[in-house]
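> Coordinates for the following, if possible.
(one chain, ligands or ions: 1)
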Amino acid sequence: VKRVLIKKERIMEVDGKKRVISDFEKHYVDPSKDFHTKYGIIRREDLSKESGSVLKCGNEEYHILDADFIDNYKQMARHAQIIGLKDIGTIITSTGINRDSKVLEAGSGSGALGCYLAAIAKKVVSYDIDQKNLAVAKANAESLGLKNITYDAGDIYDPAGITEHGFDVFVLDVPEPEKAIGTARKVLKIGGFLAVYLPNIMQVQDFLKDLPGSFLLEGVVEVIEREWVVDERRTRPTTKDHAHTAFLTFTRKLF
Ligand SMILES: C[S@@+](CC[C@H](N)C(=O)[O-])C[C@H]1O[C@@H](n2cnc3c(N)ncnc32)[C@H](O)[C@@H]1O
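Numbering: from 1, shown residues only. Coordinates of the predicted model:
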């Protein structure tokens, strides 16, 4: 189990001016091995110290912490393109996924969405057509210790392949979600949500064109996240590229 090693940015006043002496660092470290920093070596016995311990290294101070769910989650192996945290957040809050929810998702991909949902929901069932992606997703769920997610090989466009029903939420991250409407009709409970993740607005149009009257369109959103840099010299959005990820389409089964 990895631990989190953090060093805060160190600022000192030199000739009346504040100077950054050393930068912020964050590492996921294996406490069974020594860790090499540019300021020296931190010994493995120090890396095993109680969470919150301060470790001296040259003139620098590091803090060692136990890894929480989000630390382990961020280290997950990636194979297929994943759904990022900002979009996962909106999927959860728009559909109200909670500890009583039963969720179906496809495709599993790298397991990013599925694993996050499993950490919150009662149960997650995840389908993918590709065995290699399923293996990556499964390994990620295991490494996070998630026991309430099951992975199945299958084509989500084929309703016959999915025997379970009564799902509260069904999330689709596949290229042609309109082909999975038959599945959504079968597996969702009345009032259940179908949430669709699509990178292109034309895919959203294609999806909505075929949406049957038994589904209510709740809305289409794009989540824009702007990180700000806030320190003694600057208070403004970062210059990082705020790339578009996808459009989220939320629908609800009425009958
Ligand atoms: C972009 S990835 C999903 C990423 C995933 N949401 C995550 O957060 O890690 C899309 C996945 O859909 C799978 N897929 C494509 N068509 C499918 C289908 N008809 N049925 C099931 N899975 C499908 C692909 O194999 C691929 O793994």
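> Would you check that residue 117 makes contact with residue 99?
No - using CB atoms under 8 Å, residue 117 makes no contact with residue 99, being 11.5 Å away. Heads up, the C-betas are built off the backbone N, CA and C, glycines and all.
> now residue 11: how far from the ligand?
To the ligand, residue 11 is 38 Å away according to CB to the nearest ligand atom, to the nearest Å.
> Partner strands of the longest strand seen in the chain and their direction?
Looking across the chain with DSSP state E, the single longest strand is strand 188-198. In the sheet, strand 188-198 lines up against strand 167-172 (parallel), strand 247-253 (antiparallel) (DSSP bridges).
> how about the helices in the stretch 51-200 of the chain?
Per DSSP state H, counting those that start in this stretch, the stretch 51-200 of the chain carries helices over the ranges 69-74, 85-95, 112-118, 131-143, 181-187.
> need those in CSV with distance to residue 195, mean pLDDT and mean neighbour count, can you?
Listed next are the helices of the stretch 51-200 of the chain as CSV, based on distance: least, CB to CB, whole Å; pLDDT from 0 to 100; neighbours: other CB atoms under 10 Å:
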stretch, distance to residue 195, mean pLDDT, mean neighbour count
helix 69-74, 20, 96, 14
helix 85-95, 5, 98, 17
helix 112-118, 10, 98, 26
helix 131-143, 18, 97, 18
helix 181-187, 10, 98, 20
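> Output these in CSV; the columns should cover distance to the ligand.
Conversion of these to CSV gives the following (distance: least, CB to the nearest ligand atom, whole Å):
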stretch, distance to the ligand
helix 69-74, 11
helix 85-95, 8
helix 112-118, 3
helix 131-143, 4
helix 181-187, 9
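> export these to JSON lines and tack on distance to residue 24?
As requested, those are exported to JSON lines (distance: least, CB to CB, whole Å):
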{"stretch": "helix 69-74", "distance to residue 24": "16"}
{"stretch": "helix 85-95", "distance to residue 24": "20"}
{"stretch": "helix 112-118", "distance to residue 24": "25"}
{"stretch": "helix 131-143", "distance to residue 24": "26"}
{"stretch": "helix 181-187", "distance to residue 24": "45"}
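> hmm, back to that, deepest-packed of the strands paired with strand 188-198, please.
Highest mean neighbour count among the strands paired with strand 188-198 (mean count of other CB atoms under 10 Å): strand 167-172, with a mean of 26.
> Rounded mean pLDDT for it, please.
The average pLDDT within strand 167-172 is 98.
> Use 19 as the first number for this chain going forward.
Done: numbering now begins at 19, and the last item shifts to strand 185-190.
> would you put the C-alpha positions of that strand in PDB?
Below are the C-alpha coordinates for strand 185-190, written out as PDB (Å, rounded to 0.1, in the frame of the first residue of the first chain):
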ATOM      1  CA  PHE A 185     -31.500  -0.100 -11.800                       C
ATOM      2  CA  ASP A 186     -31.800   3.500 -10.400                       C
ATOM      3  CA  VAL A 187     -29.200   4.900 -12.700                       C
ATOM      4  CA  PHE A 188     -27.700   3.700 -16.100                       C
ATOM      5  CA  VAL A 189     -24.600   5.600 -17.300                       C
ATOM      6  CA  LEU A 190     -23.400   5.200 -20.900                       C
END
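> Run the angle between it and helix 103-113 for me.
Counting by axes from the mean of the first three to the mean of the last three CA atoms, to 10 degrees, strand 185-190 lies at 150 degrees to helix 103-113.
> near the ligand at all, strand 185-190?
No - under the criterion of CB under 6 Å from any ligand atom, the ligand is not reached by strand 185-190; the shortest gap measures 7.7 Å.
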